[in-house]
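Asks: let me see the structure of the following:
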Amino acid sequence: MKPGIIKTEEEYAKALERLDETFDAHAGSTKGDEAELLVLLIENYENEHYPIDAPDPIEAIKFRMEQMGMNKKDLAEVIGYKSRVTEIFNRKRKLTLKMIRNLHKKLKIPYESLMTDY
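Replies: Just a heads-up that it's a prediction; the model follows:
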């Protein structure tokens with residue numbers, strides 16, 4: 001297979017198949033370079049045809065809390081009172097700009113995830 005811009009599902013399937021064959025190739029080798037190129041081409045096709053929206057801000061916070069082993073009390077130290085955490089998780093209160101900045105700074109949640117509507 002000669003790598004090129006992926007335009008159809010058939011080409012996409014062939015590129016995935018070829019990537020599977022070349023995936024373990026050594027970096028810098030001919031097959032390694034081909035695998036790297038295929039990754040870029042596949043990623044481009046997937047971004048265009050299968051976009052993934054930013055996660056819901058509340059779900060992003062919960063996910064990050066789980067990763068960090070945090071509970072609601074820990075989150076209250078980041079965004080304010082424990083009652084605010086409950087209100088936010090119940091979607092009765094919106095995140096303020098100050099909360100968004102603190103969540104980004106302390107939990108490393110991307111701004112894009114925190115600023116989407118919910």
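Asks: list phi and psi for the spatially most central residue of the chain.
Replies: In the chain, the residue lying closest to the centroid (CA atoms, centre = their mean) is residue 54, at 7.1 Å. In terms of degrees, to the nearest 10, the main-chain angles of residue 54 are phi -60, psi 140.
Asks: so who does it touch?
Replies: The contact partners of residue 54, taken as CB atoms under 8 Å, 6 or more residues apart in numbering, are 60, 110, 112, 113, 116. Heads up, the C-betas are built off the backbone N, CA and C, glycines and all.
Asks: what helix or strand is the third one located in?
Replies: In the assignment (DSSP states H and E), residue 112 maps to helix 111-114.
Asks: can you list contacts of that helix?
Replies: The contact list for helix 111-114, computed with CB under 8 Å, 6+ apart, reads 54, 55, 57, 60, 61, 95, 100, 103, 104.
Asks: if we go to 6 Å?
Replies: When contacts are defined by CB atoms under 6 Å, 6 or more residues apart in numbering, helix 111-114 is touched by residues 54, 55, 57, 60, 100, 103, 104.
Asks: which pLDDT value goes with residue 116?
Replies: pLDDT recorded at residue 116 is 87.
Asks: nearest spatial neighbour of it, skipping sequence neighbours?
Replies: Nearest non-adjacent residue to residue 116, counting by CB to CB, 6 or more residues apart in numbering: residue 54, 5.1 Å away.
Asks: list the helices and strands the helix ranked longest in the chain packs on?
Replies: Using DSSP state H to assign secondary structure, the helix with the most residues in the chain is helix 30-49. Applying 3 or more CB pairs under 6 Å, 6 or more residues apart in numbering; DSSP states H and E, one finds that helix 30-49 makes contact with helix 9-22.
Asks: okay, buried residues for the helix it packs on please.
Replies: 12, 15, 18, 19, 22 (16 or more other CB atoms under 10 Å).
Asks: for the residues you listed, which one is nearest residue 87?
Replies: Distance to residue 87 across the buried residues of helix 9-22 (CB to CB) is lowest for residue 12, with 44.4 Å.
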